[in-house]
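> Return atomic coordinates for the entry below.
(chains A and B, ligands or ions: 2)
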Amino acid sequence: MKPVIAIAKATVGEAIRRRVLLIILFIAVLLLLVAPLLGVLSARQEQTVLTGFVLGIVQLSSAVIAITLTVYMLPNEVERRTIYTILSKPVQRWQFLIGKYLGAVSALAIMMGLMAVVSVLEFGVFHQDWAKGISLLQAYGMFFVQMSLLASVAICLSTFVAPLVNFFLTGGIYLIGTLGYAFFDSFNKNPNSPALGKGLAFVVSSILPNFASYNVQNPLINPETTIQNPTMYAINAVLYGVFYIMIMLIIGMLMFDRKEV
Amino acid sequence: MAAAIETKQLTKTYKSKSRNLTVVDKLDLHVEEGEIFGFLGPNGAGKTTTIKMLLSIIEATSGEGYILGKELGDFDVHKLISYVPERPYYYEYMTGLEILKFYGSLFGISDVAHMQNLLERVGLADARNTNKTINQYSKGMQQRIGLAQALLNDPKLLFLDEPTGGLDPIAHREIRDLILGFREEGRTVFISSHELSEVELICDRVAIINHGVIVAQGKLTDLLAGGRVEILVGKLDRGVFSDMKIEDGNIHDTPAGVLFDVPEGSDVNAIIDGARAKGGQVVSIVPRKKRLEDLFVEAVRNK
Ligand SMILES: Nc1ncnc2c1ncn2[C@@H]1O[C@H](COP(=O)(O)OP(=O)(O)OP(=O)(O)O)[C@@H](O)[C@H]1O
Ligand SMILES: [Mg+2]
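Ligands and ions are numbered 1, 2, ... in the order given. Presented below is the predicted three-dimensional model:
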């Protein structure tokens, strides 16, 4: 376990110094700070709109950070030959991969944590509504699971796909997994859909990770969704995420083990 | 003595759609324990690929190999060896000590005093207590931090890929002394290089590889045997010696006199006596040692 932790720590150290990520983070925080001004535009339901915006900003920037952070992680190690020194030590390849993944997720937690603090303060200070601000944390928790899932998809793909391709591939999977679910759902429920299409939609939606289930808190995206038992829902979503992450990492480890580096 | 490295017909073929590229071809290497072994070859000869196979970073396509008596791929061997890649690069944001702490933790080593000693040993004592991070290190300092991390686990066998590439002459010399120090401590050192003068000075044995094939291997002293001696005799010309026969020797006329070019170990006294008897004047006797460079160029050209 020691090598895994050491590699994870080194990965965090690098990630939080990467300029691209810091710039994305900076823009995100800036947007969070100007979001209240946008809320004024629609006087009606100002809180709801603001909440939607804030959640949207955090989610989108977290996704961009998660993908940017992970697609270059393994290729960079090979390019800079840092991986050779590490693998010449008593470190197994799977330990390296897991260390990298845990490092990425930890860096993500730090960056998302910063955005969370900013948005909670925003609700508390500008709107004197600390309860609302703190209630956002639950949504952020779900986002974090979503982003960890996204990172595992990216790192798995990075063991056999070039970084730029991976960027768009993972981005595409995220979009389909987020927006496409509703589409597949209605497609499947529609009795007029062709059977072949239904089968295809079923296969695609079962293979692709379901990112949509982590978005329910956003009142703009899911205005009418009500969850009967939020605790059970959260537990289910987290378990699904962990399960999917494990599958992604196992595939990644198998691929990485054979890879010519 | 036991072999530190032994390979039998070790081969690496990179397969691509269009063609298969064999970059290391049936390599038979033998490196004794406690020696400095030079692995020489031109660019693209397959040196780094061989080292990667020996470190089990990549898998051999065929053949077998043993490191410290253990078959390639044996995980425990990694505790006893270490590696400094060519043009090494380390996590830029770390300081020298942090680098050592990082690599140390991969072995479960956390002795900071030991790390401080290593930094001093490789000549980074000045950088030891500053907050200088690796991206502020010069090339020479990066090469040194590489050697320091390679010593963390007190290795029996070190793989150094081009350890003096891009360094100034003073740094060259210091690194060379460090490597000689490793041998004194009983470590085996495997150096890949094309800095021939360097290798000539410190290696006990060498192998020359070209296009993935070993073209010469052995003790440096044996490989470099067979030098020549040149004797220049003035005031005479070649005709005087028309009846003189020297095995594998040549006699030429030069503006300065007659030049005898004979193998090392020929009876130089007899030639001089003969020349003097004919009224010649010995101008110079110059031993021409075979140099590694000649051997290298010869070996690489012949293929
Ligand atoms: N992953 C790979 N796929 C295909 N070919 C490769 C791969 N890695 C190396 N090669 C080829 O193998 C050959 C040997 O490369 P290698 O790096 O071992 O040479 P080298 O002797 O270390 O050269 P140098 O002195 O330039 O470092 C080169 O022709 C190189 O292009
Ligand atoms: Mg090389």
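> quick one: the helices in the chain?
I'll assume chain A. For chain A, the helices defined by DSSP state H cover A:2-15, A:19-41, A:46-71, A:73-79, A:82-87, A:93-127, A:130-157, A:163-175, A:181-189, A:195-207, A:230-258.
> Can you look at chain B instead?
All helices of chain B, identified by DSSP H, fall at B:47-54, B:96-107, B:112-121, B:125-128, B:139-151, B:169-184, B:196-202, B:220-223, B:268-277, B:292-302.
> Residue B:165: neighbour count?
Neighbourhood size, residue B:165 [other CB atoms under 10 Å in any protein chain shown]: 15. C-beta: built from backbone N, CA, C; applies to glycine.
> Distance check, it against residue A:23.
Residue B:165 sits 35 Å away from residue A:23, going by CB to CB, to the nearest Å.
> Redo the helices of chain B as CSV? Include mean pLDDT.
Shown next, in CSV, are the helices of chain B (pLDDT from 0 to 100):
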stretch, mean pLDDT
helix B:47-54, 95
helix B:96-107, 95
helix B:112-121, 94
helix B:125-128, 80
helix B:139-151, 93
helix B:169-184, 92
helix B:196-202, 85
helix B:220-223, 85
helix B:268-277, 89
helix B:292-302, 81
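> Please name whichever of the ones you listed is nearest to residue B:229.
Judged by CB to CB, the one of the helices of chain B that comes nearest to residue B:229 is helix B:268-277, at 6.0 Å.
> distance of the closest residue to residue A:178 other than its chain neighbours from residue A:232?
Leaving aside its chain neighbours, residue A:178 sits nearest to residue A:211 (4.4 Å; criterion: CB to CB, 6 or more residues apart in numbering or on different chains). Separation of residue A:211 from residue A:232 (CB to CB): 19 Å.
> of those two, who's got more company?
Taking other CB under 10 Å, residue A:211 and residue A:232 do not tie; residue A:211 has more neighbours (26 against 10).
> does the more buried one really touch residue A:147, like I thought?
No. Using CB atoms under 8 Å, residue A:211 is not in contact with residue A:147, being 9.6 Å away.
> What are the neighbouring residues in contact with the residue nearest to residue A:178?
For residue A:211, the contact set (CB atoms under 8 Å, 6 or more residues apart in numbering or on different chains) comprises A:146, A:149, A:150, A:174, A:177, A:178, A:181.
> Which residues of chain B lie near chain A?
B:14, B:52, B:55, B:57-58, B:75-76, B:78-79, B:81-91, B:93-94, B:102-103, B:105-108, B:146, B:149, B:153, B:159 (CB under 8 Å from any CB of the partner chain).
> what's next to the worst-scoring helix or strand of chain A on mean pLDDT, contact-wise?
Here the helix or strand of chain A ranked lowest by mean pLDDT, DSSP states H and E is helix A:181-189, holding a mean of 72. When contacts are defined by CB under 8 Å, 6+ apart, helix A:181-189 is touched by residues A:193, A:197, A:198, A:201, A:202, A:204, A:205, A:210, A:211, A:212, A:213.
> among those, who's most crowded?
Neighbour counts for the contacts of helix A:181-189 peak at residue A:211, which has 26 neighbours (criterion: other CB under 10 Å).
> Just the buried ones out of the residues of chain B next to chain A, please.
Among the residues of chain B next to chain A, those scoring as buried are B:52, B:55, B:57-58, B:78, B:81-86, B:88-91, B:94, B:102-103, B:105-107, B:146, B:149, B:153, B:159 (criterion: 16 or more other CB atoms under 10 Å in any protein chain shown).
> Also within reach of ligand 1: list those from these.
residue B:86 (CB under 6 Å from any ligand atom).
> Residue of the stretch 151-261 of chain A closest to ligand 1, please.
Nearest residue of the stretch 151-261 of chain A to ligand 1: residue A:260, at 5.2 Å (CB to the nearest ligand atom).
> Could you check the pLDDT of the spatially closest residue to that residue that is not a sequence neighbour?
Distances taken as CB to CB, 6+ apart place residue B:58 nearest to residue A:260, at 5.7 Å, with adjacent residues excluded. You'll see residue B:58 listed with a pLDDT of 93.
> Quick check: phi and psi on residue B:58?
Here is the backbone geometry of residue B:58 (degrees, to the nearest 10): phi -120, psi 160.
> May I have the residues that are in contact with it?
Residues near residue B:58 by CB under 8 Å, 6+ apart: A:260, A:261, B:12, B:49, B:52.
> tell me the contacts of residue 166?
I went with chain A, as the question did not name one. Contacts for residue A:166 (CB under 8 Å, 6+ apart) come out as A:71, A:154, A:157, A:158.
> Can you look at chain B instead?
Residues near residue B:166 by CB under 8 Å, 6+ apart: B:87, B:139.
> Ligand 2 versus the closest residue to residue B:295 other than its chain neighbours, what's the distance?
Spatial nearest neighbour of residue B:295, chain neighbours left out: residue B:223 (5.7 Å); criterion: CB to CB, 6+ apart. Using CB to the ion, to the nearest Å, residue B:223 is found at 22 Å from ligand 2.
> ok, residue B:223 - contacts?
Going by CB under 8 Å, 6+ apart, residue B:223 touches B:206, B:216, B:292, B:295.
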